[in-house]
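# Return a 3D structure for these sequence lines:
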Amino acid sequence: MNKTVVKTMEMLKLFIDRERLTLQEMVELLQMPKTSVYRMAQSLVKLGFLQKTDDYYQLGLAFLSFGMLVAERLDLRKIALPVMERLKEDTKEAVNLVIRDGNEAIYIEKVDTSEPVRVYTKVGRRAPLYAGACPRVLLTFMDRDEQQRYIDNVKMVKIAKNTIVRRDTLRAIIEQDRKRQYTVSYSELEDYSAAVAVPIFNHEGNVVAGLSIAGPEHRFSPEAVQRMVPMLQQAAWQISEQLGFPRKG
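Predicted coordinates:
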């Protein structure tokens, strides 16, 4: 393993049992040169993983953000899975759950259909936010300024036969989908596959995930999609409510 990373972890672990430490105390505990310990500590302060008050170092607020994200994502999977299983039974199609990770969507849970013809998606799969219904639902309901920056700067690459590669087309589709509150895709991530997706909200009203039904194109006619959307929205509301989002109406 990388020695610098290992030493950094050793420094951070000192604070598991100690609320705060001076530079000299860290030097004695780590058995490292004072200059090395100082450089590491200052780097961690700049990154927000440590904070310094007077002569003492303690854990920084960056850990609070990471901890909240990990807890939220673990809770999300636990809450979503039984709802996803019921949705699969109702629709007979695969159900996927994605979250945003930087400029990508990552699939964190799935329930496969029992149909012989299906679309396979692995947990851990990544996709750009502009491609496919489930990743794009995260982009569609993103903060407007952040959304604009993403669209202006992302390199749009053709992945399958219908992948959107024009920024003006992407903007138009996002506006349409934001109004109707769901996204649909045909052959954007894989040829002959289709998906319809809706957002999942947390207690602050922010979109934290996308929920989708996916399968072969021939089973996703406009009529079929219209039948699926209410079931998908109901499932997403059930998950959102358990995350603390107040239901309207």
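
# what about the longest helix in the protein?
helix 62-91 (DSSP state H).

# Could you identify the helix or strand that succeeds that helix?
strand 94-101 (DSSP states H and E).

# same question for that next one, mean pLDDT?
Averaged over strand 94-101, pLDDT sits at 94.

# what's the angle between the longest helix of the chain and strand 94-101?
160 degrees (axes from the mean of the first three to the mean of the last three C-alpha atoms, to 10 degrees).

# Count the residues that sit near residue 46.
10 (other C-beta atoms under 10 Å). To be clear about C-beta, it is placed using only N, CA and C from the backbone, and glycine gets the same treatment.

# which SSE is it in?
helix 34-47.

# ok, now residue 12?
helix 3-13.

# same deal with residue 185?
Counting by DSSP H and E, residue 185 is found in strand 183-186.

# List the strands paired with that strand, with their directions.
Strand pairing for strand 183-186, using DSSP bridges, gives strand 193-201 (antiparallel).

# Show me what secondary structure element comes after the strand it pairs with.
Assigned by DSSP H and E, the successor of strand 193-201 is strand 207-216.

# Show me what counts as buried in the longest helix of the chain.
73, 76, 79-81, 83-84, 86-88, 91 (16 or more other C-beta atoms under 10 Å).

# any idea of the mean pLDDT in the helix or strand that comes right after the helix holding residue 12?
The helix or strand immediately downstream of helix 3-13 is strand 21-22, counting by DSSP H and E. The average pLDDT within strand 21-22 is 96.

# Report the distance from strand 21-22 to the chain centre.
Taking C-alpha atoms, centre = their mean, to the nearest Å, one finds strand 21-22 lying 36 Å from the centre of the chain it belongs to.

# Residue 220 contacts residue 192, doesn't it?
No - using C-beta atoms under 8 Å, residue 220 makes no contact with residue 192, being 10.4 Å away.

# The two - which one has more neighbours?
residue 220 (22 against 13).

# residues in contact with that one?
184, 186, 194-196, 228 (C-beta atoms under 8 Å, 6 or more residues apart in numbering).

# same thing but 7 Å
residue 194 (C-beta atoms under 7 Å, 6 or more residues apart in numbering).

# So it versus residue 147, what's the distance?
26 Å (C-beta to C-beta, to the nearest Å).

# again with residue 57
In terms of C-beta to C-beta, residue 57 sits 38 Å off from residue 147.

# again, but for residue 225
Counting by C-beta to C-beta, the gap from residue 225 to residue 147 is 24 Å.

# Could I get the CA-only coordinates of stretch 29-45 as PDB?
Extracted C-alpha coordinates of stretch 29-45, given in PDB (Å, rounded to 0.1, in the frame of the first residue of the first chain):
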ATOM      1  CA  LEU A  29       2.400   8.600  19.200                       C
ATOM      2  CA  LEU A  30       3.300   8.100  15.500                       C
ATOM      3  CA  GLN A  31       7.100   7.900  16.100                       C
ATOM      4  CA  MET A  32       7.700  10.100  13.100                       C
ATOM      5  CA  PRO A  33       9.800  13.200  12.400                       C
ATOM      6  CA  LYS A  34       8.200  16.400  13.600                       C
ATOM      7  CA  THR A  35       8.500  18.000  10.200                       C
ATOM      8  CA  SER A  36       6.700  15.100   8.500                       C
ATOM      9  CA  VAL A  37       3.900  15.100  11.000                       C
ATOM     10  CA  TYR A  38       3.500  18.800  10.700                       C
ATOM     11  CA  ARG A  39       3.200  18.700   6.900                       C
ATOM     12  CA  MET A  40       0.700  15.900   7.000                       C
ATOM     13  CA  ALA A  41      -1.400  17.700   9.700                       C
ATOM     14  CA  GLN A  42      -1.400  21.000   7.700                       C
ATOM     15  CA  SER A  43      -2.500  19.200   4.500                       C
ATOM     16  CA  LEU A  44      -5.400  17.500   6.400                       C
ATOM     17  CA  VAL A  45      -6.400  20.900   7.900                       C
END
